[in-house]
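A.B. asks: Fold the following for me, if possible:
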Amino acid sequence: VDGSMLCINAQTDPGGGIEVELEDESGRPLFDCPYHFEGDEVAETVADITAWVGQQIRIRFNLDRARLYAFEIVAD
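C.D. replies: Numbering: from 1, shown residues only. A predicted model of the protein is given here:
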């Protein structure tokens, strides 16, 4: 991680969604529950990942009737 925020550019169909799960290197979740996204956004903020700067994390995207165009880790 070299930034502080995880953002996505995504679009969902009606009734669809995207779940975003963040894990440490061992596969342990970084948050209690996944982030759930519905809609059409260019820069949706998914999570504040400042606490993991300098560490490796895994990002898992689960899509249901959705399109993920891009994701980005951005600095403040």
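A.B. asks: Please enumerate the strands of the protein.
C.D. replies: Remark: strands assigned in the chain by DSSP state E are 5-24, 35-37, 40-48, 57-74.
A.B. asks: Pull the number of nearby residues for the closest residue to residue 76 other than its chain neighbours.
C.D. replies: Distances taken as C-beta to C-beta, 6 or more residues apart in numbering place residue 4 nearest to residue 76, at 5.2 Å, with adjacent residues excluded. In this view, the C-beta of every residue, glycine as well, is placed from N, C-alpha and C. A count of nearby residues for residue 4, using other C-beta atoms under 10 Å, gives 16.
A.B. asks: mind starting the numbering at 671 from now?
C.D. replies: Okay, using 671 as the starting number, the last item reads as residue 674.
A.B. asks: Where does the prediction get shaky in this structure?
C.D. replies: The chain contains no residues with pLDDT under 70.
A.B. asks: still on that earlier bit, compile the strands of the chain into TSV and extend it with columns for mean neighbour count.
C.D. replies: TSV is the format used below for the strands of the chain (neighbours: other C-beta atoms under 10 Å):
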stretch	mean neighbour count
strand 675-694	17
strand 705-707	16
strand 710-718	14
strand 727-744	14
